[in-house]
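Participant: from the sequence below, what's the structure:
(2 chains)
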Amino acid sequence: MNDITIDFTPVVRTIERNMEVLSRQVSDVSSDVGLVSARVDATRTDLQELRDMFEQFLERNERNRLVQLAETRLGGLKAELDREFGHYAVVRRTSVGILQAFDVGNVRVKTMHEISEELMIQTPRYWLAPALVGLAAWSKDDQELASKSIEAAFSRDPKKTSLFFALVLRRQNRLDEARRWLNHYFTALDPRGLTREFAVLLEATSQDGFGEVGRALVGTHLARWSELLRDEDEVVEQQISKWLTELANSRGTVNPKDFEYLSACSPDWKAIEAGLEAASAHAFVLDKYTAVRDAPTHLSASIADRLDDLLDILVTEYDAEELPLRREVLVQEAIIAHDGDADRAQQQADSDIAALDEKVDALSLQTHTALRPDLFGVSTATQRVSVGASKPDVTAAIGRFARDYRAAWPATVTVALEPHHTQHAQTYGFSRWSITSDVDEATAEQQLSEHWDSTMSAYIDAQRFTPGKAAMPVIVGLGAALFGLLFVQVAVGFTIIMVLAGLAFAAGMIFKRVKDAEKRVAQAEEIRETAKQHSRDMYRATIAEWLDARLAYQEQDAKERDLLALVEGWPA
Amino acid sequence: MAVRRIIASADHTTSADPLAAQRTVDVAATRSVARNRSERRSQALVEAVAKLDTATDPAYAAALMQWIADQYAERNGGTLVGIFSRCYLGHPYIDHRLDVMGGMIMDHFTAADTPPGPFAAARPYARSDAYAYTEVYSDGAVVPIREDGQPVL
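Facilitator: Have a look, this model is predicted:
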């Protein structure tokens, strides 16, 4: 039987080739898949970008829409304001013109009269129109018409009419008449809702803008309002708390370097520091308000200008009936200003409206002008009047402030020496030692000394000579003696020498060790004494600084009396 | 507590109830009580409180305490638990209290003592020269009084 050999090599090769092709193809597919995946990623990123852009577009679109809406509304509101109150603007402009004409004297009385009468007919309900008619009538000596017009203006807005005539008459140097109007104005005011214009008037009167009598008039009204408002505990508490803040803000700061040991060695340092700082407030407040009391009162040249500004504001400011529309205008303007950002626009509008509505009760106004004259634009003269009117609040605040820090001031303090208070303490494992400042110095130092004794007793004991320390020389000596004894029969002399040498060595070594130990103990005791000295110095320095701190506190604390005296004797 | 009792007469407290007048205070309106409390103390009252230390005659001291309690009842400024002030008896005593509610007893304290209950809060004020004495009320108020009789509220 012939053997048939089949050669599979070509088949295998073919298979291998095909496999290779297949593998390449698989690899191609895989790379294609990778490519697709990358493209999908890219697409996703593109989509995300598109989405972001779309959202941005939406937001911008919404903002634009809001801005456009606001612009449209603003146009409508302005048109409405113009329609409803546009003629008020004419009156305002005219009144400024008439006042200027009064000053210059280049317009005929007849013209003024005609113009004002015309305005009177055109603007029913507005107080300024009859006021102008009254002014024109006054200028041509028509008393009947003047009285009638002024009555009409007064019935429309008593507060503004009174202030208007008070200011106009003051400009014309008719101080007596001006004061009568001022009295009307004060009577018409609500002591719970004063505006900034009152601060300006307060300033004007305290600077003698309306003469001595004018100042007394303001004083009388302020006192009456104070009495009225002081019945309300809550309002009074608010004023006291503002003065308390003033006192708290006037505290000095203590430099811990001035109390180097006390700040490091007393756990009560925070309380000491707080007490010292609080007590120092009296002196600062005393200096500040003594300067206010003693500041020279000279008539400020600008006060006349300020009163004119007030007149200007009075005739040009919006009337109460316009305010709802004006508020809406503020909101729309804020939306446009903030490019449609509704949140920010609302914030700004709120603060603007608050400024528009800013009203304050008489007591708070006094406190504000006494504490922060700069914020209300008033001078030291007004500040002085306001401090005088706030006397009960200042006294109460000083009392509470001092009472509170006195309650917290420590009568005695703890002096604590920590394990690391000196290098020695750190090296020899000193454990925390503390004592209160009311323990007398000798007792305290005795205790400190005992504490060091116990801290170092183990160390000193370790330096002492003990029988154990004699073991080595004794063994060596005995060894030598025994070695010598081995030769007792051969050489007696050698044995004797070795025994003697051994004994001598042991005795010598023991003697030396005893001496060394004594020296070391003496050294350790010296170290202990030095350590004690350092700790004692630290304790003494801490106590000395505590006494200094107490003296400083007493000195500062006693100034409460001076401060109270300053307030008590404040010029009326 | 090393307390030295100067006067602890039991019959005194039973014969005259110091709180009888003050109980009427509780029905007074809170507002008026607060107002009354903020009124300045009379100079006579401040001086009487200062005399508590030096009154050695028991009868006189008892009368003085009663007078003080009556003054407070009349003031209608709240129920007074007692009065706390600096002590001039000398070492070791540093301050004392007049316990009005507890039956008109004077207790003197050393630095090591802790004054009982609400009186402990008055101790820092007794250390200060700024105050003549301190009132302790049943509503928890601790009111230091200046030498001129002005309360710190």
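
Participant: from the stretch 1-150 of chain A, which residue is nearest to chain B?
Facilitator: residue A:127 (41.2 Å; C-beta to the nearest C-beta). C-beta coordinates here come from the backbone N, C-alpha and C atoms, glycine included.

Participant: enumerate every residue touching that residue.
Facilitator: For residue A:127, the contact set (C-beta atoms under 8 Å, 6 or more residues apart in numbering or on different chains) comprises A:153, A:156, A:157, A:160, A:161, A:319.

Participant: pLDDT at it, what is it?
Facilitator: Residue A:127 is assigned 84 on the pLDDT scale.

Participant: now residue A:429
Facilitator: Looking at residue A:429, the pLDDT reads 85.

Participant: my read: it touches residue A:419, true?
Facilitator: Yes. With contact defined as C-beta atoms under 8 Å, residue A:429 counts as touching residue A:419 (7.3 Å).

Participant: the more surrounded of these two?
Facilitator: residue A:419 (14 against 11; other C-beta atoms under 10 Å in any protein chain shown).

Participant: element containing the more buried one?
Facilitator: Using DSSP states H and E, residue A:419 sits within no helix or strand.

Participant: the closest residue to it other than its chain neighbours and chain B, how far apart?
Facilitator: Excluding the flanking residues, the one nearest residue A:419 by C-beta to C-beta, 6 or more residues apart in numbering or on different chains is residue A:430, at 5.3 Å. Distance check for residue A:430 against chain B: by C-beta to the nearest C-beta, to the nearest Å, it reads 29 Å.

Participant: correct me if wrong: residue A:430 contacts residue A:453.
Facilitator: No. Using C-beta under 8 Å, residue A:430 makes no contact with residue A:453, being 11.6 Å away.

Participant: among those two, which residue is more densely surrounded?
Facilitator: Per other C-beta under 10 Å, whichever of residue A:430 and residue A:453 has more neighbours is residue A:430, with 21 against 12.

Participant: next, give phi and psi for the more buried one.
Facilitator: The phi/psi pair for residue A:430 (degrees, to the nearest 10) reads phi -70, psi 130.

Participant: centroid-nearest residue for chain B?
Facilitator: Most central in chain B under C-alpha atoms, centre = their mean is residue B:83, positioned 1.9 Å from the mean C-alpha point.

Participant: gap between that one and residue B:55?
Facilitator: 14 Å (C-beta to C-beta, to the nearest Å).

Participant: how about residue A:510?
Facilitator: 79 Å.

Participant: likewise for residue A:276?
Facilitator: Taken as C-beta to C-beta, the span from residue A:276 to residue B:55 is 38 Å.

Participant: between the two, which is the more surrounded one?
Facilitator: Neighbour comparison, residue A:276 and residue B:55: the larger count goes to residue A:276, with 23 against 18 (by other C-beta under 10 Å).

Participant: looking at chain B, which helix or strand is least sure?
Facilitator: Within chain B, no helix or strand scores below helix B:10-15, which has a mean of 38 by mean pLDDT, DSSP states H and E.

Participant: next, count neighbours for residue A:87.
Facilitator: Count around residue A:87 with other C-beta under 10 Å applied: 16.

Participant: actually residue B:57, sorry about that
Facilitator: 9.

Participant: tell me which residue of chain B lies closest to chain A.
Facilitator: For chain B and chain A, the shortest gap (C-beta to the nearest C-beta) falls at residue B:152, measuring 3.8 Å.

Participant: how close does that residue sit to residue A:165?
Facilitator: Distance check for residue B:152 against residue A:165: by C-beta to C-beta, it reads 47 Å.

Participant: now swap in residue A:66 and tell me
Facilitator: Counting by C-beta to C-beta, the gap from residue A:66 to residue A:165 is 46 Å.
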